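1. Structure for the following, please:
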Amino acid sequence: MARNPASTIDGNAVAPDEPRVDTGEDEERESWGSYLRFLALVVLGVLAFRSFLFAPFTIPSESMLPRLMVGDYLVAAKWPYGYSDLSLPFGAKLIPGRVFAGLPERGEVVIFRHPVDGTDYIKRVIGLPGDTVAVREGRVVLNGRVLARSTPELLRVPVSPNTSCHGRAPVTDANGAKACLYPVAFETLPAGPTYPVIDLGRTAADDFGPVTVPEGRLFVMGDNRDNSQDSRFPAQARGGVGLVPADLLVGRASMILWSTDGSAEWAKPWTWLTAARWSRIGNLL
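-> Have a look, this model is predicted:
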């Protein structure tokens with residue numbers, strides 16, 4: 001068969017176009033480019049969600065018993081008190097000061113950075129700027145009025161790998177299961193809310209103040225009153241927090257997403273379910 005003659009442009013011979021062989025490289029590059037763009041969008045979406053909407057936190061101590069227990073995994077709302085560098089991953093210095101700043105209401109459970117060591121702490125707000133707070137014989141006195149408190153009732157908390165009785169002897173039932181018994185009363189702030197507190201008896205921290213909360217500060221306490229390093233104690237690393245600067249607020253505790261008694265083993269997936277405290281999951285705070 002005769003070959004097609006070369007075409008001409010302006011009298012010059014031009015070789016015929018060679019057929020292009022599709023090796024798949026373009027499609028592969030496009031596929032990788034799409035994947036990387038998708039991955040970048042996912043990462044940015046997660047960072048934005050965690051920075052500006054909700055972020056997960058874990059409970060490392062029993063200072064907020066009985067509302068929060070060691071092994072609770074909760075989510076905190078980031079927007080109620082405004083945004084600062086503390087809102088961003090790794091404390092990135094991208095937000096000047098604090099924007100959309102707001103104060104919590106009395107009774108809200110807040111997460112904040114410790115004024116000295118920078119770790120995350122969780123406590124309940126008792127006093128706002130201008131409030132006078134004192135403690136007399138274990139009872140909170142707010143602006144000269146003793147907070148109402150119900151008659152204590154015993155609460156049974158099962159002993160587990162992450163739940164102890166803090167030096168109190170556990171009780172054992174007929175089946176051999178051990179539990180801690182805590183005296184729990186319900187304390188009520190002016191105009192609400194009401195929340196459970198534990199008072200184990202007389203301690204040095206049962207008498208404090210009075211102090212007047214200055215502008216830009218908060219008076220916070222743990223619900224487990226005799227096992228909480230809070231505003232009754234001077235701010236020091238791994239200890240008390242003093243009057244907490246509002247600029248150190250990170251978020252408002254909102255809901256328990258997961259809770260485990262600490263008995264699960266990674267190598268035994270079925271224990272992840274048996275260790276779960278199902279009755280706590282989904283509880284609002």
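2. where does the stretch 51-200 of the chain have low pLDDT?
-> 51-53, 86-97, 100 (pLDDT under 70).
3. Can you show me the strands along it?
-> For the stretch 51-200 of the chain, the strands defined by DSSP state E, counting those that start in this stretch occupy 54-58, 72-77, 109-113, 120-127, 132-136, 139-142, 145-146, 148-149, 153-158, 171-172, 178-188, 194-198.
4. is it possible to export those to JSON lines including distance to residue 239 and mean neighbour count?
-> In short, each C-beta sits where N, CA and C put it, glycine included. As requested, these are exported to JSON lines (distance: least, C-beta to C-beta, whole Å; neighbours: other C-beta atoms under 10 Å):
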{"stretch": "strand 54-58", "distance to residue 239": "20", "mean neighbour count": "15"}
{"stretch": "strand 72-77", "distance to residue 239": "22", "mean neighbour count": "20"}
{"stretch": "strand 109-113", "distance to residue 239": "14", "mean neighbour count": "22"}
{"stretch": "strand 120-127", "distance to residue 239": "11", "mean neighbour count": "23"}
{"stretch": "strand 132-136", "distance to residue 239": "18", "mean neighbour count": "17"}
{"stretch": "strand 139-142", "distance to residue 239": "21", "mean neighbour count": "18"}
{"stretch": "strand 145-146", "distance to residue 239": "27", "mean neighbour count": "10"}
{"stretch": "strand 148-149", "distance to residue 239": "26", "mean neighbour count": "14"}
{"stretch": "strand 153-158", "distance to residue 239": "25", "mean neighbour count": "13"}
{"stretch": "strand 171-172", "distance to residue 239": "31", "mean neighbour count": "12"}
{"stretch": "strand 178-188", "distance to residue 239": "23", "mean neighbour count": "17"}
{"stretch": "strand 194-198", "distance to residue 239": "20", "mean neighbour count": "20"}
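5. wait, which of the ones you listed is closest to residue 275?
-> Checking the strands of the stretch 51-200 of the chain against residue 275 by C-beta to C-beta gives strand 153-158 as the closest, at 11.7 Å.
6. packing partners for that closest one?
-> Based on contacts counted as 3 or more C-beta pairs under 8 Å, 6 or more residues apart in numbering; DSSP states H and E, the elements that strand 153-158 packs against are strand 178-188.
7. Show residues contacting the strand it packs on.
-> 65-66, 140, 147-159, 163-166, 168, 170-173, 194-200 (C-beta atoms under 8 Å, 6 or more residues apart in numbering).
8. Each with direction, which strands does it pair with?
-> strand 148-149 (antiparallel), strand 153-158 (antiparallel), strand 171-172 (antiparallel), strand 194-198 (antiparallel) (DSSP bridges).
9. Now do it against strand 120-127, angle only.
-> 40 degrees (axes from the mean of the first three to the mean of the last three C-alpha atoms, to 10 degrees).
10. Figure out the length between the terminal residues of stretch 218-236.
-> 16 Å (C-alpha to C-alpha, to the nearest Å).
11. How about stretch 152-163?
-> End-to-end for stretch 152-163, by C-alpha to C-alpha: 21 Å.
12. what about that stretch, distance to the chain center?
-> Computed by C-alpha atoms, centre = their mean, to the nearest Å, the chain-centroid distance of stretch 152-163 equals 22 Å.
13. which residues are in contact with that stretch?
-> Under C-beta under 8 Å, 6+ apart, the answer for stretch 152-163 is 62, 65-66, 69-71, 165, 170-171, 177-185, 196, 198-199, 260-263.
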